[in-house]
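1. What follows is a predicted structure for the sequence shown.
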Amino acid sequence: MLSRRTLVRTSMAAALVAGLAGLAASADWRGENAGWRPIAWPFPRDGWADGRAWGSADGIDVYVRPKLGFCGNCDTGVVADEEVDRVTDVDLLDERFAPVQTGGPIRIAALAGRARLYRLKTKDGAERLAEAVAVSQKCDLVVAIIVGNVAHEPARHAAHRFLESNIVQVWLAQQLEGR
């Protein structure tokens with residue numbers, strides 16, 4: 001039989017572990033995903049599977065989807081602005097999208113690629129900015145569009161952090177599973 005001292009210490013350790021697990025779950029719920037909610041995939045059906053979309057309380061929308069087997073160069077991934085223009089879905093928002101500036105390299109979690117800022121008009125005629133992201137894993141692409149106040153660095157970085165969050169990364173891992 002265990003001594004009373006051992007039982008008390010074991011109970012305290014179990015309570016501490018349970019408390020830390022609850023705190024970790026709460027931090028995830030309130031931290032990286034705070035203010036983000038799922039929204040409907042707004043784009044019409046095309047040759048690719050529908051992706052996932054989320055909106056933030058700050059008015060930023062993020063659209064993400066994998067394009068399996070679509071990377072133009074499996075060895076280097078996405079390295080040129082022309083590839084970002086071609087492979088991302090920014091044309092689904094506005095066929096006459098216009099680049100604002102030269103793109104640059106980006107890393108989202110373990111995936112590397114390129115991102116570029118665009119000016120576009122929404123269906124209601126409003127002019128908006130969007131950042132298109134194309135990252136790759138082997139010969140598979142993951143494309144994302146961030147629409148909203150992306151000229152504001154903290155807002156854009158918050159969207160990048162959301163792309164690296166568990167909610168997005170777990171879904172992407174399921175899509176890329178075994179590839």
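-> All right, it came through fine.
2. which stretches of this protein form strands?
-> 36-39, 52-56, 61-67, 98-99, 104-108, 111-121, 127-137, 140-148 (DSSP state E).
3. wait, which of these is closest to Asp75?
-> The minimum distance between Asp75 and the strands of the chain falls on strand 127-137, with 10.1 Å, by Cβ to Cβ. The way it works is simple: take the backbone N, C-alpha and C, and place the C-beta from them, glycine included.
4. and the residue lying closest to Phe70 once chain neighbours are set aside, how many neighbours does it have?
-> Among residues not flanking Phe70 along the chain, Leu141 sits closest, at 4.9 Å (Cβ to Cβ, 6 or more residues apart in numbering). Leu141 has 24 neighbouring residues, counting by other Cβ atoms under 10 Å.
5. Pull the contacting residues for Leu141.
-> Pro66, Lys67, Leu68, Phe70, Cys71, Val78, Val87, Gly113, Ala134, Val135 (Cβ atoms under 8 Å, 6 or more residues apart in numbering).
6. which residues touch the closest residue to Asp58 other than its chain neighbours?
-> Once flanking residues are discounted, Asp58 sits nearest to Ala155: 6.1 Å by Cβ to Cβ, 6+ apart. Neighbour list for Ala155: Asp58, Ile60, Gly148, Asn149 [criterion: Cβ under 8 Å, 6+ apart].
7. One more: Ser56?
-> Contacts of Ser56 by Cβ under 8 Å, 6+ apart are Gly35, Trp36, Val62, Gly148, Ala158, Ala159, Phe162.
8. and Gly51, backbone torsions?
-> Per-residue torsions, Gly51: phi -100, psi -150 (degrees, to the nearest 10).
9. pLDDT at it, what is it?
-> According to the prediction, Gly51 has pLDDT 94.
10. Next, count neighbours for it.
-> Neighbour count of Gly51, defined by other Cβ under 10 Å: 21.
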